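Enquirer: Provide a 3D model corresponding to the input given below.
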Amino acid sequence: MPPAAARPVETKETFFARGRADVERNARIQPDRRRARNVILFLGDGMGVSTITAARILDGQQKGMRGEENVLSWEKFPYLAHSKIYQANQQVPDSAPTMTSIVTGSKTNEGMLSIAPEVLGPDFAAAARPENRLRTILEQAEDRGMWTGVVSTARITHATPAACYAHTPARDAESDADLAALDPAAASAGYPDIARQLVEFRVRPTTMNGKPSPGLEVALGGGREKFLRTTDADPEYPGRTGERRDRDLAAAWAARGGAWVWDRRGFEAIDPATTGPVLGLFEPSHMQYELDRGKDRAGEPSLTEMTEKAIRILERGPAGYFLMVEGGRIDHGHHEGNAIHALTDTIEMARAVEKAAALAGDDTLIVVTADHGHVFAIGGYPTRGNPILGLVVANGKDGRPSPEPTKDAADGKPYTTLVYANGPGAVAGRRPDLSGVDTAAPGFRQPSGVPMSSETHSGEDVVVYARGPGAYLVSGTMEDNAIYFVMARALGME
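Expert: Numbering: from 1, shown residues only. Predicted structure coming up:
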């Protein structure tokens, strides 16, 4: 960030102009009541309001600004609302029922993926009954001949992407081995695990390149270990580990007409004008954090690159497309009490949204939201432009930044702007002296209150942002399952 002397001077005219520009922009908004041809749904997993604010500031400071005046890509969208995230049996929910709400229109219970709230617990027999399966908007889109895709930086079988195509009462049943460990009877009875449901996802056969599509036209993310028959040493697929299983779902995908890739070289070889369907599995488990990406030997694409590739493939669909893109590792950074990973992955998702907005035509509804937030807070009266990942430096009596970080009156030690209410950053006894500590280092964990091995979700409302046909329906305070009805109405499904 440039020194204070190099920054533009802000006067009352500066703030008048900035505020007036916001109002003038809003005054020009006209509702777009046309039917949408396409929908792109972006889901920042765990991207609560404090995460958006902190990421906005960090992004601005990385660009040489003070930071607070910065705007992330989706913050330029004309419509927004609050989304109430409680679920059928949870005040503070997990990602499985929240994403189920968004893609099916019904809230449900903890751990459930597109299964009705009438099912309690991991009851596979009840989940197998047709009346307890919630049809997702991707299934409905496929039924109309639209092309569909899911993209995630998490395992593609993880809760958020899986809710788009799978029906299971246990979000952890990602592979056959996972299912057998959870419920041997369900596995023996042939209940399909999540990875198998992705490969077998099909409502009405669609045609791609003159042959039947194996289901989803695009699936890009991590989670290779959930699909492959694995051995301890496999020269073709470096990094594959785990128990040997009696199937290779990547081969099954290919046998049904799809292409599959596992590294950057394969990803870059995909010609979006001719290739498809595509299954990309770029890590054995979750993909790398954006801050760490490129350290693995095979290489992997960014969320922005995967989003662009998916759009360029899906835009060939003769009846339109539905694409879900998840910034999945925002959530994981927070669970680790590590703000820099959560925030840099949020910034990368903002780049992906910007790319999608540039590629998609005005016939595309784009929705950006979160499934829940985290117990992540910004505080301490820091001065304007104070490094968001740093120690709090307050203003002195003269209204200018103090020369030293602010000290806690009780113990005389400085403290950070970003904190967690609970998580692994808590310490026993007296808190450490952070003087001289690099609080912006990749491995630094922000201080937390209640000691927990993994920081938890939060229960406050999240924000929904929208632009394009039907976006005007995003307004006020809404139930999170109302997002489904916005998208369905925009596509003419209602």
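
Enquirer: can I see the domain layout of the chain?
Expert: Here the domain assignment for the chain is 35-375+462-490, 378-455, based on automatic domain parsing.

Enquirer: Can you check which strand is longest in the protein?
Expert: In terms of residue count, the longest strand belonging to the chain (DSSP state E) is strand 147-155.

Enquirer: export it as CSV, just CAs?
Expert: C-alpha atoms of strand 147-155 as CSV (Å, rounded to 0.1, in the frame of the first residue of the first chain):
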residue,chain,number,x,y,z
TRP,A,147,-27.0,-28.1,-20.3
THR,A,148,-25.8,-28.1,-16.7
GLY,A,149,-22.5,-27.8,-14.8
VAL,A,150,-21.0,-27.6,-11.4
VAL,A,151,-17.6,-26.1,-10.5
SER,A,152,-16.0,-26.0,-7.1
THR,A,153,-12.7,-25.6,-5.4
ALA,A,154,-13.8,-28.2,-2.9
ARG,A,155,-14.3,-31.9,-3.7
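
Enquirer: pull the longest helix from this protein.
Expert: In terms of residue count, the longest helix belonging to the chain (DSSP state H) is helix 339-359.

Enquirer: can you pull the buried residues of it?
Expert: Across helix 339-359, burial judged by 16 or more other Cβ atoms under 10 Å covers 339-357. Any C-beta I mention is one placed from the backbone N, CA and C, and that applies to glycine too.

Enquirer: How about the contacts made by residue 386?
Expert: Counting by Cβ atoms under 8 Å, 6 or more residues apart in numbering, residue 386 touches 392, 393, 401, 417.

Enquirer: Secondary structure class of the residue nearest to the first one when sequence neighbours are not counted, three-state.
Expert: Counting by Cβ to Cβ, 6 or more residues apart in numbering, residue 392 lies nearest to residue 380, which is 3.8 Å off, once chain neighbours are set aside. The local conformation at residue 380, judged by DSSP: H, G, I helix; E, B strand; the rest coil, is coil.

Enquirer: and residue 263, how many neighbours?
Expert: The local packing of residue 263 (other Cβ atoms under 10 Å) involves 21 other residues.

Enquirer: hang on, isn't it packed against residue 282?
Expert: Yes: when contacts are counted by Cβ atoms under 8 Å, residue 263 is listed as touching residue 282 (6.7 Å).

Enquirer: what are the phi and psi values for the nearest residue to residue 331 once chain neighbours are set aside?
Expert: The shortest distance from residue 331 to any non-neighbouring residue, by Cβ to Cβ, 6+ apart, is to residue 46 (3.4 Å). Here is the backbone geometry of residue 46 (degrees, to the nearest 10): phi 80, psi 10.

Enquirer: Residue 46 and residue 369 touch, don't they?
Expert: No: the pair residue 46 / residue 369 is not scored as a contact, 11.8 Å apart, by Cβ under 8 Å.

Enquirer: how about the strands of the stretch 1-150 of the chain, start to end?
Expert: Along the stretch 1-150 of the chain, the stretches classed as strands by DSSP state E, counting those that start in this stretch are 38-44, 79-84, 147-155.

Enquirer: right, I mislabeled it, should have said the stretch 151-300 of the chain
Expert: Under DSSP E, counting those that start in this stretch, the stretch 151-300 of the chain gives strands at 207-208, 211-212, 218-222, 259-261, 278-281.

Enquirer: Could you say which one of those strands comes nearest to residue 61?
Expert: Smallest distance to residue 61 across the strands of the stretch 151-300 of the chain (Cβ to Cβ): 29.3 Å, for strand 218-222.

Enquirer: which helices and strands does the closest one pack with?
Expert: Here strand 218-222 touches strand 147-155, strand 278-281, helix 303-314, going by 3 or more Cβ pairs under 8 Å, 6 or more residues apart in numbering; DSSP states H and E.

Enquirer: on that earlier part again, just put the strands of the stretch 1-150 of the chain in JSON lines and tack on distance to residue 271 and mean neighbour count.
Expert: Below are these laid out as JSON lines (distance: least, Cβ to Cβ, whole Å; neighbours: other Cβ atoms under 10 Å):
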{"stretch": "strand 38-44", "distance to residue 271": "21", "mean neighbour count": "28"}
{"stretch": "strand 79-84", "distance to residue 271": "36", "mean neighbour count": "19"}
{"stretch": "strand 147-155", "distance to residue 271": "16", "mean neighbour count": "29"}
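
Enquirer: Compile those strands into JSON lines and extend it with columns for mean pLDDT.
Expert: Below are the strands of the stretch 1-150 of the chain laid out as JSON lines (pLDDT from 0 to 100):
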{"stretch": "strand 38-44", "mean pLDDT": "98"}
{"stretch": "strand 79-84", "mean pLDDT": "98"}
{"stretch": "strand 147-155", "mean pLDDT": "97"}
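
Enquirer: now those strands as JSON lines including distance to residue 272?
Expert: As requested, the strands of the stretch 1-150 of the chain are exported to JSON lines (distance: least, Cβ to Cβ, whole Å):
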{"stretch": "strand 38-44", "distance to residue 272": "15"}
{"stretch": "strand 79-84", "distance to residue 272": "30"}
{"stretch": "strand 147-155", "distance to residue 272": "11"}
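
Enquirer: Which one of those strands lies nearest to residue 374?
Expert: For the strands of the stretch 1-150 of the chain, the distance to residue 374 is smallest for strand 38-44, at 11.1 Å, taking Cβ to Cβ.

Enquirer: Which strands or helices does the closest one pack on?
Expert: Going by 3+ Cβ pairs under 8 Å, 6+ apart, strand 38-44 lies up against helix 95-104, strand 321-327, helix 339-359, strand 364-370, helix 482-490.

Enquirer: Distance to residue 151 and mean pLDDT for these - can I get that in JSON lines?
Expert: Output for those, formatted as JSON lines (distance: least, Cβ to Cβ, whole Å; pLDDT from 0 to 100):
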{"stretch": "helix 95-104", "distance to residue 151": "14", "mean pLDDT": "98"}
{"stretch": "strand 321-327", "distance to residue 151": "5", "mean pLDDT": "98"}
{"stretch": "helix 339-359", "distance to residue 151": "8", "mean pLDDT": "98"}
{"stretch": "strand 364-370", "distance to residue 151": "14", "mean pLDDT": "98"}
{"stretch": "helix 482-490", "distance to residue 151": "17", "mean pLDDT": "97"}
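
Enquirer: For these, could you give me TSV that also reports distance to residue 424?
Expert: Shown next, in TSV, are those (distance: least, Cβ to Cβ, whole Å):
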stretch	distance to residue 424
helix 95-104	20
strand 321-327	22
helix 339-359	12
strand 364-370	22
helix 482-490	32
